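Colleague: sequence isn't available, so here's the structure alone:
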């Protein structure tokens, strides 16, 4: 994955949003953490992996992928705010089912909020990538979907979203 390219793309979006909304990055850490938690929940909702009471099928792969990259936007943004980058290329299977992996992502988001260390950031990023792989998304599809959603986000900002 071309992480530096994604970080730079996210930096440009963040700057645009912060300028348009007259906010500073250091004022947004907790809001971005909450946004990541919400986006992770929206992703889980589309996979329906936890809905043992329902027979309704999960959403289409394209919908799930779009929700996935929404979370990736916030992970990249949090990395920019804390000065961390992700540089690992190895994503190993966890042996967890989807529900367990979602819960682990939640735990790691909270761990990063409580201790925004490089180690916690890397662990969060790695687990989020493991979730993407488990959901069936190759890196190329993630990068393409990220870039497409980033364009949408820029357009939304121009329209006063």
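Modeller: Arrived safely. Keep in mind that what you see is a predicted model, and the values were worked out from it rather than measured.
Colleague: low-scoring stretches of this protein, by residue?
Modeller: When residues are selected by pLDDT under 70, those of the chain lie in 89-90, 161.
Colleague: and the helices in the protein, which stretches?
Modeller: Assigned by DSSP state H, the helices in the chain fall at 3-21, 29-47, 61-82, 98-114, 118-134, 139-158.
Colleague: quick check: which of those is nearest to residue 55?
Modeller: helix 29-47 (14.7 Å; C-beta to C-beta). Using the backbone N, CA and C atoms, a C-beta is placed for each residue, glycine as well.
Colleague: which strands and helices sit next to the closest one?
Modeller: Counting contacts by 3 or more C-beta pairs under 8 Å, 6 or more residues apart in numbering; DSSP states H and E, helix 29-47 is packed against helix 61-82, helix 98-114.
Colleague: mean neighbour count and distance to residue 155 added to the ones you listed, as a markdown table?
Modeller: As requested, the helices and strands packed on helix 29-47 are exported to a markdown table (neighbours: other C-beta atoms under 10 Å; distance: least, C-beta to C-beta, whole Å):
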| stretch | mean neighbour count | distance to residue 155 |
| --- | --- | --- |
| helix 61-82 | 20 | 14 |
| helix 98-114 | 17 | 28 |
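Colleague: I'd say residue 72 and residue 146 touch.
Modeller: Yes. Contact criterion C-beta atoms under 8 Å: residue 72 and residue 146 qualify, at 5.8 Å.
Colleague: give me the common contacts of the two.
Modeller: Contact criterion C-beta atoms under 8 Å, 6 or more residues apart in numbering; residues shared by residue 72 and residue 146: residue 6.
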